[in-house]
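Engineer: Need the 3D shape of this:
(2 chains, ligands or ions: 1)
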Amino acid sequence: MQISELDLEFAVLNAPVPMGFAPVNAEQWLTIASVVHDEGGRLLALWAGAVAQAGAASPEPHDTACMCAAYVTLEGVFWIALPLAQRDGQWIYPDISDLFPAAIRMQRAAADLSGVHAQGAHDTRAWLNHGAWPADHHPLQHNAEQWPQRVPTALVNYPFVHVDGDGVHEIPVGPVHAGIIEPGHFRFSVVGEKVLRLEQRLGYTHKGVELRMTQLTPLQAVRLAGRVSGDSTVAYAWAYCMALESATQTTIPVRAAWLRAIMLERERVAAHLGDLGALGNDAAFAFGLAQFSRLREDWLRGSQKVWGHRLMMDGIVPGGVRVDIDRTQKDQLIQLCDAIEKEVRTLYDIYEAHAGLQDRFMTTGRVLPELASRLGLTGLAGRASSQVWDVRCDHPFVPYNQLQVKIATHHNGDVAARVSVRFDEVFESMRLIRRMLDALPAGDIACPVILSQEASRGAGWVEGWRGELFVALELAGAEENHRILHCHLHDPSWQNWPVLEHAIMGNIVPDFPLINKSFNLSYSGQDL
Amino acid sequence: MWKIVKQIAQTGTCSEAAPDIGEENALEASKIQRELLSILGQALSIREVDAGSCNGCELEINALGNPYYNLEGLGIKFVASPRHADMLLVTGPVSRNMETALRRTYEATPEPKLVVAVGDCACDGGIFGESYATCGRVANVIPVDEVVPGCPPPPLEILRGILKAVRRRVQ
Ligand code: SF4
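Structural biologist: I've put the predicted structure just below:
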């Protein structure tokens, strides 16, 4: 794998999707960013990693650090690692947020967790650390054991950006919200009902996942990976397993890959059913919520019957899947698809024809394609703003290479467009599930995963319902008990949260829940 | 409009009977409801607080509102402010960044108040445990009356937990 104009050979990772790794120096770090940017590629993830990534013999974690980035081009994922040397008591690396604005928060998070700083970055406020631990303490650079058992919590005053002007006032919302949703803080600057500016402050659900991963064995850690964001448990478990399997050169049985895809598509449908109902409700159409929440319940009960868990948690395991589908279950699942699809089609007609609903959806929370591309909007929200990317279509691997997934896109970038993409994806997933159940290949559903003697590295890249998830995994060799040196789990919400700040501008406050829901971003998944 | 009416008519009523509490039957549940009403002088109002969950528990708490569980039909409703609540449903290992918010929400809830910890994380810290970032179980931060284990617990278990907590208070 190569990036054009660049004399850098990437070591290909053994994975079903094209992914490569290369250590770089500071100059290459910047060159790659601008080359990828000019070619229309995207920043997938940015994080501070473990030392072994640079391929160096591992010195003490305290003495050195490493910055990583993953970019996507039409060729696949390029993971680069930049070893950092301490200068004047600080680890610094070149800022890339001018090219990729999505990097801003990821750089701030890396500073909180690992004490690495982007040189020249404008926004250096703490992101994940709200004052719950000392600012000069960097959890990922220290051993967990060194951690003082109980730190007194002091609230730090967060310097929000203020908007001055005649009649401008602020509305603070959260972290405890009015609905049954995750915690976060929103600061609206408004004139009358109109929103001039929104500033988000997240990090409330930061649970120290990256550190916790290193305390689990590579085989156990899949449970935690599947709990990074509960609504995407299948996608996360798959992405983690893909990373582990790529690190251990494991090729899973074909049937296992098909069963994983069935689960992934079912997770997509479940999420869209829930959101389509909630979107109706937020536009004062309670009928939509009642109908879709009923269908979602039927759908989850179907999962309970086959996988023994309504959200299919822990269904994907390293090397394959935990549960097989027999003939009766196959028929049941197909019947469920038929029944639900029929009803969703009826509801689609109702949503389309309902003037009141369409009035709230159209032109609300608009993100034009140009802005979407500049800010790096990804996943389903991106596709609703002409960002035509979907891992299942761009790099089809087993079983997607035999299914010709039809990508769902729209160019209006408003709530209506995101609703439309969701409907299209439900119908397409239904088709895929039926096809996969019909043509399910015979064979084993799992194979053993043998951890390598040497230190190893792997990555996973999966199109979850919200967008693409990426997992980067670094394992120690046998002499260190194969422990997880580092595991970074990246949620597409990182890219999309900042875009939501733009989507609300010029809209009225009461439309915020609607716009917010049309994105439905994860807090837990990005707070980690 | 015609289509909407038709869809409503075809769907019918899907509410299921209130869940049993152990041996007891649905009658018992409605008895509890009556007792509940007489004690609280109103329907049960719940404030949900996500104190750091992975959002899996929220999905299942949300499901309580669907027509199958028909929570509002039981006289139980979710309210927007802790000041209007009789009960807090708390999920997640309490993240340190949410610790203060959870304490303040608890203080804002008027007496007599009940706290139900929903999910393995809320019961004992779950897979996240205690660390620089999390305080572990909810009881480490505020007093808890009832716990509902499960990851996430299915809606019926959550409903049982709610009724159990109320019943304990009634007795
Ligand atoms: S109990 Fe399970 S579903 Fe609930 S927050 Fe914890 S990990 Fe998520």
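Engineer: Please make it C-alpha for all contacts and neighbour counts, starting now.
Structural biologist: OK.
Engineer: Could you give the separation between the terminal residues of stretch A:385-401?
Structural biologist: Terminal residues of stretch A:385-401 are spaced 25 Å apart (C-alpha to C-alpha, to the nearest Å).
Engineer: same question, stretch A:89-105
Structural biologist: Terminal residues of stretch A:89-105 lie 23 Å apart, using C-alpha to C-alpha.
Engineer: ok, now stretch A:395-412?
Structural biologist: Where stretch A:395-412 begins and where it ends lie 26 Å apart, using C-alpha to C-alpha.
Engineer: Buried ones in the one helix or strand residue A:110 maps to, by neighbour count?
Structural biologist: Residue A:110 is located in helix A:103-114, with elements delineated by DSSP states H and E. Neighbour counts over helix A:103-114 (16 or more other C-alpha atoms under 10 Å in any protein chain shown) mark A:103-114 as buried.
Engineer: near chain B at all, it?
Structural biologist: No. For a cut-off given as C-alpha under 8 Å from any C-alpha of the partner chain, helix A:103-114 has no contacts with chain B; the smallest distance is 10.8 Å.
Engineer: Give the rounded mean pLDDT of that helix.
Structural biologist: Across helix A:103-114, the average pLDDT comes to 92.
Engineer: Going C-terminal from that helix, what's the next secondary structure element?
Structural biologist: Toward the C-terminus, helix A:103-114 is succeeded by strand A:116-119 as the next helix or strand (DSSP H and E).
Engineer: Who are the packing partners of that following strand?
Structural biologist: On a contact count with 3 or more C-alpha pairs under 8 Å, 6 or more residues apart in numbering or on different chains; DSSP states H and E, strand A:116-119 meets strand A:90-94, helix A:103-114.
Engineer: Sort out which one of the buried residues of helix A:103-114 lies nearest chain B for me.
Structural biologist: Nearest to chain B among the buried residues of helix A:103-114 is residue A:113, at 10.8 Å by C-alpha to the nearest C-alpha.
Engineer: Which residue is the nearest non-sequential neighbour of the closest one?
Structural biologist: Excluding its sequence neighbours, the residue lying closest to residue A:113 (C-alpha to C-alpha, 6 or more residues apart in numbering or on different chains) is residue A:138, at 4.9 Å.
Engineer: so what's the one you found up against?
Structural biologist: A:112-115 (C-alpha atoms under 8 Å, 6 or more residues apart in numbering or on different chains).
Engineer: Tell me how many other residues crowd residue A:68.
Structural biologist: Neighbour count for residue A:68, taken as other C-alpha atoms under 10 Å in any protein chain shown: 22.
Engineer: before we move on, what about residue B:53?
Structural biologist: Applying other C-alpha under 10 Å, we find 33 other residues in the vicinity of residue B:53.
Engineer: where in the stretch 151-300 of chain A is pLDDT low?
Structural biologist: A:151-155 (pLDDT under 70).
Engineer: give me that answer again for 90
Structural biologist: Regions of the stretch 151-300 of chain A meeting the criterion pLDDT under 90 cover residues A:151-167, A:170-174, A:176-179, A:192, A:282-286.
Engineer: Please enumerate the helices of it.
Structural biologist: Applying DSSP state H, counting those that start in this stretch to the stretch 151-300 of chain A gives helices spanning A:209-213, A:221-225, A:233-247, A:254-282, A:286-307.
Engineer: got the buried residues for the last one?
Structural biologist: This means helix A:286-307. By 16+ other C-alpha under 10 Å, the buried positions in helix A:286-307 come out as A:287-303, A:306-307.
Engineer: now it and helix A:254-282, what's the angle there?
Structural biologist: Interaxial angle, helix A:286-307 versus helix A:254-282 (axes from the mean of the first three to the mean of the last three C-alpha atoms, to 10 degrees): 160 degrees.
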